[in-house]
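Trainee: Structure for this input, please:
(chains A and B)
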Amino acid sequence: MRINNLIRKSAEIRLRVLETALRAGKGHVPPAFSWVDIGVSLFYGGILQIKPSEPRWPERDRFILSKGHGCLTLYAILSDLGFFPKNELENFCGHGCLLAGHPDPNIPGVEIVSGSLGHGLGISAGMALSAKIDGKDWFVYTLLGDGECQEGSVWEAAMFASHHKLNNLVAIVDRNRLGATDFTENSLSLEPFSRRWQAFGWEVVNKNGHDIEQLIDVLSKAKQRTSAQPLLIIADTTKGKGVSFMEGSPLWHHRMPKSEEIQAALKELSQFKSQETN
Amino acid sequence: MRDAFIEALFSRMETNENIFFISADFGAPALDKLRDKYADRFVNVGIAEQNLINVATGLALEGFIVYAYAIAPFLSMRAYEQIRTSISILAQIRDININLIGVGAGLSYDVTGPTHHCLEDSCIMAVLPNFTIFSPSDAILSEKFVDYTLRKSGPKYIRMDGKAQPEIYADEKQISFEDGFTELRKGSEVCIVSTGYMTHEALKVADALSQDNISTGVVDVYFLKPFNEQLLVKIFREYRHIVTMEEAFLNKGGLDTIVEHACFSNRVYIGMTKLGFGDKYVFDVGNREHLYRTNGLDLGNMIKKIKTDLNRN
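Mentor: Residues are numbered from 1 along each chain as shown, chains lettered A, B, ... in the order given. Coordinates of the predicted model:
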C-alpha cells in the first residue's frame, strides 16, 4: 500500500476505534490510538505474513499484543482485514459477543490471553525459541506498552531473549510516556530506556511511532538482519493521538468522551474523509 | 520421586521429539544426562519463575509438551499470576500441554525454614480451573504419571516430595489413574484419607489403631483434582469416622476440605479428624520427625486425637 493510503488507513482505524467504544460506552481509547500507526505499519505495510482466512496458518508471523488494553486497535485492524466480520465491532463488550475489553484467542487473529501486563514478551520468547528449534522462518512481533515495562517479568523475558539470541523476535514499545494514572517518569522512571534495553543485550532502534514510513523501513529490514540480538523498536508516540484533547494527558486512559467532547472527537477523526486519496 | 519421573521422561524423549524440559535453575542428578543428550529440548531460564511460566506457555502454544520444573513454593507461588493467566485461563481455549513439576511439597525441605516449605500449594493450585493436581506418595506413582502427562493434554501440577520415600506400589496393578486413588487397606471403623508423604504416616497410624482393635482403612489419593467424589464417597459410607492426612495447611482447601465437601454434599454425615498444619508457618528448626512432633503430628498425638474424636461420635 502506498504511504498516503496507509496514512488514510490509520485515520480510518482511529475513527472506527472511537465509534466502537462510543457504541459500547466503554473502552481504552487513548491507549489504542497511540499504536494505530504501528499497527497499520505491521498489518498493512507488508510486514506480517498472515492469512485472514487461516488465522492459525502454521507458517504465519505471530503478532502478540502484550499491551492487551490497546485491543480496540487490534480489533479494528483484524476485522478490516477479514479475520472476523466487521459487524462484530458493533457488539464490542456486548452480551455474548466475541470482543471483550481485553483480547483472547477465541478471537481469530489473537494469539494469547492478554490484559494482564508483562506476559507477552516471555510468551513471545517461548514462541521464538520454538521457531529456532524447529528451523522455522516466521518471526514473532510483540507490542508492549511502556508502562508495561515497569513489570519485572518483562525484564526476565528481555534477559532470556538476548541470552538465547532470539533474533527472530521483534519487540515494539509504544512509548507514549504514560501509565494508567501518571507519566511513567513520575511513577517509576524508565529512562534511560534505550540504554537499559541495550544493556539487556537488545539491538535498539528509536523511531517516531506515528511515522509509518520510518516504521515500515525498520520493520521491513528485520528479517534480513544478521545480528544475533533480538530487536527492540522504541516507538515514540502520543497517547490519545488523533484527538487533540486526549493527547498526552494522564486523565485519558480509559476515560470516555462526554457530551460536546464526542462530537469534537468525531469531527477531528473524520477530517481525513474530506481529503483526497491517491 | 523426582528422579524416577525425570528418568521416565528422559526415556520418552528418545521417541517423542515434542517433549521440552524447562527449569528455573533447579537441578537433579537425573537431569544432568537429559540436559546433555537433549540440549535442544532443555532450557534453564535461570532464577526467573515468571519467565519460566511465560516461556513454557509460548513453547506449548507451538506444540511442545512442556515440563516446567522448580521448587514447589517458588513454582506455585512466585509465578502464580502467570500460571493463572498464561496457563489456566489460556488452557480453556487453547490445547496446551504444560506440566508443572513442583518438588519439595510440604515440609520436604524441613531444616531450610518456612520460605522453602510448601503447605499452600495443593489448595492454591486446586483453585485454578482447568488444572489437574497430582500428588504422588511414591516413586512408582511418579514414574507412571509421565505417560499420563503425555497422553492427556492440558495443565497439570505435580506436587512431589523432596526426599526419597519407601515404595508403596511395588504391585503396580494397585494403581488406578482412572480412579485417582487406591484403597491400600480396608477397614470398617476409621478410614484414613491421605496424600503424598502423609500416606506413609497414614499406614503407621492405621497399624497402631488396628493394634488397638480399631479397624482402619487407608485410601491414598493421588489425584487431588479431579477428585473422584462419587467413588470415594461410596467408600466413606462404609466407615463411621474419617481421618484426613495431608502435609498442608488445614481448612484451606486442601485434601481435608475436599473430603469434607464431598461428604457433606453427598449427605455422608460422619465424624472427621483432620491432621495437618495449623494456621501458622513452621519456624521450628529440625528434621521432619522433629517438626511433626512440635506440631502435634507424632504418632502418639495423632492416635490420641483420633481416639478422642472417635469417642465424641
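
Trainee: buried residues in stretch B:30-41?
Mentor: B:30-31, B:34-35, B:38, B:41 (16 or more other C-beta atoms under 10 Å in any protein chain shown). Any C-beta I mention is one placed from the backbone N, CA and C, and that applies to glycine too.

Trainee: tell me which of those residues is nearest to residue A:133?
Mentor: Distance to residue A:133 across the buried residues of stretch B:30-41 (C-beta to C-beta) is lowest for residue B:41, with 7.3 Å.

Trainee: Tell me, how many residues neighbour the residue nearest to the closest one when sequence neighbours are not counted?
Mentor: Closest residue to residue B:41 apart from its sequence neighbours, by C-beta to C-beta, 6 or more residues apart in numbering or on different chains: residue B:20 at 4.9 Å. Using other C-beta atoms under 10 Å in any protein chain shown, the number of residues around residue B:20 comes to 27.

Trainee: Can you verify residue B:20 is assigned to a strand?
Mentor: Yes: according to DSSP: H, G, I helix; E, B strand; the rest coil, residue B:20 belongs to a strand.

Trainee: Contact residues of chain B facing chain A?
Mentor: Counting by C-beta under 8 Å from any C-beta of the partner chain, the residues of chain B close to chain A are B:40-41, B:43, B:45-46, B:48, B:50-51, B:53-64, B:81-82, B:85-86, B:89-90, B:93-94.

Trainee: Just the buried ones from the residues you listed?
Mentor: Buried members of the residues of chain B next to chain A, scored by 16+ other C-beta under 10 Å, are B:41, B:43, B:45, B:48, B:50-51, B:53-62, B:64, B:82, B:85-86, B:89-90, B:94.

Trainee: so what's the one residue in the stretch 51-200 of chain B that gets nearest to chain A scoring on pLDDT?
Mentor: Distances from the stretch 51-200 of chain B to chain A, computed as C-beta to the nearest C-beta, single out residue B:58 as the nearest residue at 2.0 Å. At residue B:58, the model reports a pLDDT of 98.

Trainee: tell me the helices in the chain, going along the chain?
Mentor: Defaulting to chain A. In chain A, the helices defined using DSSP state H lie at A:3-24, A:29-33, A:36-44, A:71-81, A:120-134, A:152-163, A:184-187, A:193-199, A:212-220, A:260-270.

Trainee: could you do chain B instead?
Mentor: Using DSSP H, the helices found in chain B span residues B:2-12, B:29-37, B:49-61, B:72-73, B:80-82, B:121-126, B:139-151, B:198-211, B:229-236, B:255-265, B:288-294, B:299-312.

Trainee: Distance check, the residue of the stretch 51-200 of chain B closest to chain A against residue A:47.
Mentor: 20 Å (C-beta to C-beta, to the nearest Å).

Trainee: Repeat that for residue B:189.
Mentor: Separation of residue B:189 from residue A:47 (C-beta to C-beta) stands at 72 Å.

Trainee: just residue A:79 next, same as before
Mentor: In terms of C-beta to C-beta, residue A:79 sits 19 Å off from residue A:47.

Trainee: What of residue A:4?
Mentor: Distance of residue A:4 to residue A:47, computed by C-beta to C-beta: 18 Å.

Trainee: between those two, who's got more neighbours?
Mentor: Legend: neighbour count by other C-beta under 10 Å for residue A:4 and residue A:47, higher for residue A:47 (21 against 13).

Trainee: Next up, the contacts around residue B:33.
Mentor: Remark: with contacts taken as C-beta atoms under 8 Å, 6 or more residues apart in numbering or on different chains, residue B:33 is in contact with residue B:10.

Trainee: Can you check what pLDDT the model gives it?
Mentor: pLDDT for residue B:33: 93.

Trainee: That one and residue B:89: what is the separation?
Mentor: Counting by C-beta to C-beta, the gap from residue B:33 to residue B:89 is 35 Å.

Trainee: Quick check: nearest residue in space to the residue of chain A found nearest chain B, chain neighbours excluded?
Mentor: Here chain A gets closest to chain B at one residue, residue A:126, 2.0 Å apart by C-beta to the nearest C-beta. Nearest non-adjacent residue to residue A:126, counting by C-beta to C-beta, 6+ apart: residue B:58, 2.0 Å away.

Trainee: okay but the one you found is in contact with residue A:119, surely?
Mentor: No: under the criterion of C-beta atoms under 8 Å, residue B:58 makes no contact with residue A:119, lying 9.8 Å away.

Trainee: follow-up on the earlier one: need the helices of chain A in JSON lines with mean pLDDT, can you?
Mentor: Compiled in JSON lines, the helices of chain A are given as follows (pLDDT from 0 to 100):
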{"stretch": "helix A:3-24", "mean pLDDT": "96"}
{"stretch": "helix A:29-33", "mean pLDDT": "96"}
{"stretch": "helix A:36-44", "mean pLDDT": "98"}
{"stretch": "helix A:71-81", "mean pLDDT": "98"}
{"stretch": "helix A:120-134", "mean pLDDT": "98"}
{"stretch": "helix A:152-163", "mean pLDDT": "98"}
{"stretch": "helix A:184-187", "mean pLDDT": "94"}
{"stretch": "helix A:193-199", "mean pLDDT": "98"}
{"stretch": "helix A:212-220", "mean pLDDT": "98"}
{"stretch": "helix A:260-270", "mean pLDDT": "94"}
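
Trainee: count of neighbours near residue B:213?
Mentor: Residues near residue B:213, counting by other C-beta under 10 Å, number 7.

Trainee: any chance you could read off phi and psi for it?
Mentor: Main-chain torsions, residue B:213, degrees, to the nearest 10: phi 60, psi 30.

Trainee: Now do the same contact list for it.
Mentor: Contacts of residue B:213 (C-beta under 8 Å, 6+ apart): none.

Trainee: Could you check the pLDDT of residue B:29?
Mentor: 86.

Trainee: Distance-wise, check it relative to chain A.
Mentor: Using C-beta to the nearest C-beta, to the nearest Å, residue B:29 is found at 25 Å from chain A.

Trainee: can you count the residues close to that residue?
Mentor: By other C-beta under 10 Å, 10 other residues sit near residue B:29.

Trainee: which ones are touching whichever residue of the stretch 201-313 of chain B sits closest to chain A?
Mentor: Residue nearest to chain A within the stretch 201-313 of chain B (C-beta to the nearest C-beta): residue B:225, separated by 21.2 Å. Residues near residue B:225 by C-beta under 8 Å, 6+ apart: B:125-126, B:131-133.

Trainee: mind giving me CSV with the residues you listed and columns for pLDDT and neighbour count?
Mentor: Output for the contacts of residue B:225, formatted as CSV (pLDDT from 0 to 100; neighbours: other C-beta atoms under 10 Å in any protein chain shown):
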residue, pLDDT, neighbour count
B:125, 97, 30
B:126, 95, 19
B:131, 98, 23
B:132, 98, 21
B:133, 98, 25
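
Trainee: residues contacting the residue of the stretch 51-200 of chain B closest to chain A?
Mentor: Residues near residue B:58 by C-beta under 8 Å, 6+ apart: A:122-130.

Trainee: again with residue A:13
Mentor: Contacts of residue A:13 (C-beta under 8 Å, 6+ apart): A:36, A:39-40, A:73, A:76-77, A:80.

Trainee: Go again with 6 Å.
Mentor: Contact analysis of residue A:13 by C-beta atoms under 6 Å, 6 or more residues apart in numbering or on different chains lists A:36, A:76.

Trainee: what does chain A have sitting close to chain B?
Mentor: Within chain A, the positions near chain B by C-beta under 6 Å from any C-beta of the partner chain are A:105-106, A:113, A:116, A:119, A:122-123, A:125-127, A:130, A:133, A:153, A:156-157, A:160.

Trainee: Highest neighbour count among the residues you listed?
Mentor: For the residues of chain A next to chain B, the largest neighbour count, defined by other C-beta under 10 Å, is 35 neighbours, found at residue A:157.

Trainee: what about that residue, distance to residue B:149?
Mentor: 26 Å.

Trainee: Also residue A:232?
Mentor: 36 Å.

Trainee: mind checking the end-to-end distance for stretch B:264-277?
Mentor: Stretch B:264-277 has an end-to-end distance of 22 Å (C-alpha to C-alpha, to the nearest Å).

Trainee: Give me the residues contacting it.
Mentor: Outside stretch B:264-277, the residues within contact range by C-beta under 6 Å, 6+ apart are B:119, B:233, B:236-237, B:240-246, B:248-250, B:256, B:302, B:305-306, B:309, B:313.
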